[in-house]
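Enquirer: coords below, sequence missing:
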């Protein structure tokens with residue numbers, strides 16, 4: 001089973017990673033997990049001020065921070081993974097990668113901000129669920145091994 005794990009560096013992403021590791025063990029899967037990190041584009045004025053190299057460094061540092069704990073957990077567990085680090089609209093980019101990588105399942109954490117905030121702020125999780133052609137598992141709260 002090909003699993004895509006969307007991460008953002010939060011505690012809920014770490015919980016989702018633990019869930020994926022448990023799934024991999026339960027399924028005895030050897031398929032590498034696709035780790036997806038999508039950084040939203042900077043405001044144009046900020047990108048211009050940082051320049052091309054500065055903007056690239058900014059996105060790389062964000063990705064490194066967001067993936068650090070998940071990478072470590074997967075290495076400790078001996079689970080293979082591939083990374084996809086992108087910038088753009090997170091929900092749209094996650095959908096594109098899931099399609100390109102032919103994933104069977106998307107797993108992602110949810111911050112649990114509630115329906116009203118999601119209505120106004122927009123929830124990446126809700127958008128992925130609405131757009132996905134494959135099942136989406138949303139991990140909330142703490143997941144234990």
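Expert: It's in. Note that this is a predicted model, so its numbers are computed, not measured. Numbering: from 1, shown residues only.
Enquirer: residue 38 and residue 128, how far apart?
Expert: 11 Å (Cβ to Cβ, to the nearest Å). (Glycine included, C-beta is placed from N, CA and C.)
Enquirer: mind checking which of those two has more residues around it?
Expert: Between residue 38 and residue 128, counting by other Cβ atoms under 10 Å, residue 38 is the more crowded of the two (25 against 21).
Enquirer: wasn't that one part of a strand?
Expert: Yes: counting by DSSP: H, G, I helix; E, B strand; the rest coil, residue 38 is found in a strand.
Enquirer: contacting residues for it?
Expert: Contact analysis of residue 38 by Cβ atoms under 8 Å, 6 or more residues apart in numbering lists 6, 85-90, 93-94.
Enquirer: and for residue 38 and residue 128, which residues touch both?
Expert: Counting by Cβ under 8 Å, 6+ apart, the contacts common to residue 38 and residue 128 are 6, 94.
Enquirer: how many neighbouring residues does residue 126 have?
Expert: By the measure other Cβ under 10 Å, the count of residues near residue 126 is 16.
Enquirer: same check, this time on residue 71
Expert: When neighbours are defined as other Cβ under 10 Å, residue 71 has 16 of them.
Enquirer: what's the answer for residue 46, then?
Expert: Look at residue 46: counted by other Cβ under 10 Å, it has 12 neighbours.
Enquirer: please enumerate the strands of the protein.
Expert: 3-6, 33-39, 81-87, 105-109, 136-139 (DSSP state E).
Enquirer: could the ones you listed go into a markdown table alongside distance to residue 70?
Expert: What follows is these, written out as a markdown table (distance: least, Cβ to Cβ, whole Å):
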| stretch | distance to residue 70 |
| --- | --- |
| strand 3-6 | 7 |
| strand 33-39 | 6 |
| strand 81-87 | 8 |
| strand 105-109 | 11 |
| strand 136-139 | 13 |
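Enquirer: thank you, goodbye.
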